[in-house]
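Trainee: Sharing a sequence plus its predicted fold:
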Amino acid sequence: QKEVEQNSGPLSVPEGAIASLNCTYSDRGSQSFFWYRQYSGKSPELIMSIYSNGDKEDGRFTAQLNKASQYVSLLIRDSQPSDSATYLCADHNAGNMLTFGGGTRLMVKP
Amino acid sequence: SQTIHQWPATLVQPVGSPLSLECTVEGTSNPNLYWYRQAAGRGLQLLFYSVGIGQISSEVPQNLSASRPQDRQFILSSKKLLLSDSGFYLCAWSFRPDEQYFGPGTRLTVT
């Protein structure tokens, strides 16, 4: 069974710090990976996608992919209280569907 | 730009009652459409997906069904709700199977 694993948290970081969110996946055939942000009571919002090994930067967000280790991460620089949310990792695997992790709850304290 | 709508936003229904949730997408043609459920404190569970009118694939056997009567309309139904059907129902669309965009969701409480 294809799985995406995330630490449920909460991950607590002070305002201005770097938040590091991690995700592992089981399907070696997965080719693309996604990070969604979900505020409490709201629907998930796609914030990052990554397809190749290495880093991809978009503003304060950096996604990192290591296919050999089956590991994806999301770094949030200069964390703000407005970044407090649950972050969902997903992979697009050989079944041609997205598999989501359970999410990591991030709390950024002023 | 594309917009996805869901209604109703919230719903409280008794056990055994029927259900109909609607999802529509604007600004695109022939999208892939998906229904997910998110139970409280849980991850996203794919229920159904559709690649075209009348084409529905079910991922999880249950008392729910889906239909796609028009290109940009996706409906989730049940004849008799169970307590376990409570949750946050999310519709999503995509052009590619991987990059999916979610609607605002419907929060269903079965009492």
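Mentor: Thanks, I have the structure now.
Trainee: quick one, what contacts the closest residue to chain B within chain A?
Mentor: Of chain A, the residue with the smallest distance to chain B, taken as CB to the nearest CB, is A:H92 at 3.6 Å. Where C-beta positions appear, they are placed from N, C-alpha and C, glycine not excepted. For A:H92, the contact set (CB atoms under 8 Å, 6 or more residues apart in numbering or on different chains) comprises A:S30, A:Q31, A:S32, A:F33, A:F34, A:L98, B:P97, B:D98.
Trainee: any idea how far it is from A:K2?
Mentor: 10 Å (CB to CB, to the nearest Å).
Trainee: Spit out the residues that contact these two alike.
Mentor: In contact with both A:H92 and A:K2: A:S30, using CB under 8 Å, 6+ apart.
Trainee: how about the nearest residue to A:G95, chain neighbours excluded?
Mentor: A:K2 (6.5 Å; CB to CB, 6 or more residues apart in numbering or on different chains).
Trainee: what sits against that neighbour?
Mentor: A:Y25, A:S26, A:D27, A:S30, A:D91, A:N93, A:A94, A:G95, A:T99.
Trainee: Lowest-confidence member of the residues you listed, which is it?
Mentor: Minimum pLDDT across the contacts of A:K2 is recorded for A:G95, with 71.
Trainee: So which bits of stretch A:79-92 are buried?
Mentor: Residues of stretch A:79-92 classed as buried: A:S79, A:D83, A:S84, A:A85, A:T86, A:Y87, A:L88, A:C89, A:A90, A:D91, A:H92 (neighbour count, 16 or more other CB atoms under 10 Å in any protein chain shown).
Trainee: what does stretch B:78-89 give?
Mentor: B:S78, B:L81, B:D85, B:S86, B:G87, B:F88, B:Y89.
Trainee: swap in stretch B:19-32?
Mentor: Buried positions in stretch B:19-32, judged by neighbour count with 16+ other CB under 10 Å: B:L19, B:L21, B:C23, B:T24, B:V25, B:P31, B:N32.
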